[in-house]
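[1] quick one, what's the 3D model for this:
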Amino acid sequence: MSPKCKIPVKTRFWDRETKNSSSHDAPGGPPLRGSVWKQENVNLSHHHRCSASVLFGFCLGSGWMEVMAAANYSLKVNRDLLDPNFESYRLSLDPIPTYTVELDAAVEELQLKDAHYTLEHLRAFGMFNHLQLDPWYQDSVLFVDSRGRVLSLSVTLDTALGKPKEVFSFGSESGQAEDRLCASISLTSATWAALSDGAGQLLLLRTGRRGDGDHCRWEVLFSDHMGEPFTILHSVSHVQGGCHSVEVLLLRVQKEPLESTGSGYSVSLEWVTVGGAAGPGQEKKYEVRKRRVLRGKSVPHYAAVAPRGEGLMLAAEKPFVFTHIDGRPVEPPPPPELRELEKAEPLYFWQQTAADLTVCIRLRGGVAKEDVSFRLTADSLSVGVRGYPPLLEGQLYASVDPEASGWTIRDSNSLEVSLQKLGEGPMWPELVLGNRRGELVLSDQQAALIHDRLTHLTSEHPNGEREKPPCSSQELEDCDGFPDDGFSLTHFDGETLSPTQVVNLGGHQFLFSVDVDPSQMPCLCLRHDVDALVWQPRPDRPGDLWEHVATFNALGYVQASKRDRKFSTCAPDFSFAALCECLRRVFLYRQPSPVETVLFNRKQGRQVGQVAKQQVSSLDSDKPVLGFRASNERLFVLTLSHLFVLKVDNK
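    Numbers count the residues shown, from 1 in each chain. Presented below is the predicted three-dimensional model:
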């Protein structure tokens, strides 16, 4: 609950419980997962004032929580993409054709040092995917071997796989750095790529059209030492005003000498803009235009730059803030506008019942009825004094009946507006959308109702269930674990570098990210109850930044049982999802498809129209898996000495 809520409270202790409930209970928003908030020793007095959209929605049951979820930014699930009748995956014994390419040199694999076995290092570098799929030319993959060569393999015929072709080679001096990381590749566009040698060098290369099959040597057009070693998380290329720019996102895990608690390391993200400019008759020269640094305490699960560099999206368990721009420290942001408004004197007070609302607006003395400007429609309200800007204007939270509504002046300094709700229904969390200048006044009955609804959640002790033995972590499974409540998905504006939209993902487990459309940002896949939902970021839609585009039924539940799972991915056309263990085994989960024969469910006595198949493939290798990618027709698995190509039949 907001600390600005003016409610007399003796002592507050908060605890969160999670019950097993359906993830599809909240229409238009993410699952509530049976979340219950406990407030201890609450004492409510009469006529409490609370800023709008804070108190209601918490106190009056699950229906109010859904209202609040709609008022705040949340992920909107597309119900048409959910299958409530999905039963299970049927194991198919059909073999997956597998083809093997033996490598001339081992894949570059750097072992973490003893001092680097922290959670941040393991997430950033221990689970590093050494294989890159070309989203512009599918069925083409790239990786770096131990000789510092960037190798590319394009598949046209599975039965006639050739050797990977060298397209670029790092110098021998790049492998001598003391704290060197694995080299990383990021395909920026259909003709550009960004490379890191793992020792702090950033290279931008012109690759030519990689899908032509000629495997031309890549040409370095920019090379600069960016400081401490890093890996490349994401990069995009765009042209604005005739200027070609490349946005690159770098990841570092750095030692914090002043950190006395925790691992002693912090996570740094650097957003670098490299631009090219040329004079008349000169060749275009690329140089660093801007560098911005963010810092946090956890390695992000997802990080990507918008296609035109207009923003940045992060999914992380700890918050990130911008600390430096071009080497200069960022000044602390001014207090949020919301806090300033809450500290200011309220402009109006309002009350409500299930049927109507009453708004009281303060006026200067001597205002006559003829001076009042009042305009009311079913969905909007405008109130003010003629000749001056409106005192209250905007879209109403819900519809009202203009014919049954009205206004009057009381005591020559107060304008009272009566609004009749179009239909009796839930209470409004706010009067005018986005307007924070008013205060909601609770009646005696409403305060008593809130108190009554919170009675069963109160306790005389900070830990109301301390007599119960704590749950043993050995009794929990992976499917019981979810990120902390601080896990959030944040969009940062590229100009102001401030967060514009934040979605709390505390009840959702991050599964994987995947490039579906090279012209769009990578998709992210989140667990919603038992299902896995794929979300496509839409930075060009401020009101609908994340779109639900696909669902993998029960994949959230299935992947939790794979204790040795290392990588997860899906086909760009969402025809299947795949999981890969640390050694050998690959699991393929197909979308439901119609059955060719008549199939009956004997228990339910009904005909089964479609079946979702599961396939398992065991690779002929005892080497750990270092890379895993999927195209619409193939799976690529990279080990230390071999590249396996699994042909997926989508018929």
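
[2] quick one: the strands in the stretch 151-300 of the chain?
    Using DSSP state E, counting those that start in this stretch, the strands of the stretch 151-300 of the chain run over 165-169, 184-187, 192-196, 201-206, 219-225, 231-240, 243-255, 265-277, 285-296.

[3] want to throw the ones you listed into a markdown table with mean neighbour count and mean pLDDT?
    The way it works is simple: take the backbone N, C-alpha and C, and place the C-beta from them, glycine included. Formatted as a markdown table, the strands of the stretch 151-300 of the chain follow (neighbours: other Cβ atoms under 10 Å; pLDDT from 0 to 100):
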| stretch | mean neighbour count | mean pLDDT |
| --- | --- | --- |
| strand 165-169 | 18 | 93 |
| strand 184-187 | 22 | 96 |
| strand 192-196 | 24 | 96 |
| strand 201-206 | 20 | 95 |
| strand 219-225 | 14 | 93 |
| strand 231-240 | 20 | 94 |
| strand 243-255 | 21 | 93 |
| strand 265-277 | 20 | 92 |
| strand 285-296 | 17 | 94 |
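
[4] just put those in JSON lines and tack on distance to Tyr89.
    Putting the strands of the stretch 151-300 of the chain into JSON lines (distance: least, Cβ to Cβ, whole Å) gives the following:
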{"stretch": "strand 165-169", "distance to Tyr89": "38"}
{"stretch": "strand 184-187", "distance to Tyr89": "33"}
{"stretch": "strand 192-196", "distance to Tyr89": "37"}
{"stretch": "strand 201-206", "distance to Tyr89": "42"}
{"stretch": "strand 219-225", "distance to Tyr89": "47"}
{"stretch": "strand 231-240", "distance to Tyr89": "32"}
{"stretch": "strand 243-255", "distance to Tyr89": "35"}
{"stretch": "strand 265-277", "distance to Tyr89": "36"}
{"stretch": "strand 285-296", "distance to Tyr89": "37"}
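
[5] what's the closest of the ones you listed to Leu638?
    The closest of these to Leu638 is strand 184-187. By Cβ to Cβ, the value is 12.6 Å.

[6] run me through the strand neighbours of the closest one, direction for each.
    If you go by DSSP bridges, strand 184-187 pairs up with strand 192-196 (antiparallel).

[7] name the surrounding residues that touch the strand it pairs with.
    150, 168, 170, 181, 183-188, 202-207, 218, 230-232, 235, 237, 246, 248, 250 (Cβ atoms under 8 Å, 6 or more residues apart in numbering).

[8] let's see 7 Å
    183-188, 202-207, 218, 230-232, 235, 237, 246, 248 (Cβ atoms under 7 Å, 6 or more residues apart in numbering).

[9] and Asp620, how far is that from Ala630?
    20 Å (Cβ to Cβ, to the nearest Å).

[10] these two - which one has more neighbours?
    Neighbour count, other Cβ atoms under 10 Å: between Asp620 and Ala630, Ala630 has more, with 26 against 9.

[11] that one touches Ala578, doesn't it?
    Yes - with contact defined as Cβ atoms under 7 Å, Ala630 reaches Ala578; the gap is 5.5 Å.

[12] shared neighbours of these two, anything?
    Between them, Ala630 and Ala578 share these contacting residues under Cβ under 7 Å, 6+ apart: Thr569, Cys570.

[13] now do the end-to-end distance for stretch 629-637.
    Across its full length, stretch 629-637 reaches 7 Å between end residues, using Cα to Cα, to the nearest Å.

[14] in it, what's buried?
    Arg629, Ala630, Ser631, Glu633, Arg634, Leu635, Phe636, Val637 (16 or more other Cβ atoms under 10 Å).

[15] which ones are touching the residue lying closest to Phe230 once chain neighbours are set aside?
    Excluding the flanking residues, the one nearest Phe230 by Cβ to Cβ, 6 or more residues apart in numbering is Leu250, at 4.2 Å. With contacts defined as Cβ under 7 Å, 6+ apart, Leu250 is in contact with Met226, Phe230, Ile232, Leu269, Glu270, Val272.

[16] under a three-state scheme, what state does the residue nearest to Val616 when sequence neighbours are not counted occupy?
    Among residues not flanking Val616 along the chain, Phe587 sits closest, at 5.7 Å (Cβ to Cβ, 6+ apart). Three-state call for Phe587 (DSSP: H, G, I helix; E, B strand; the rest coil): strand.

[17] what's the pLDDT at Phe587?
    According to the prediction, Phe587 has pLDDT 97.
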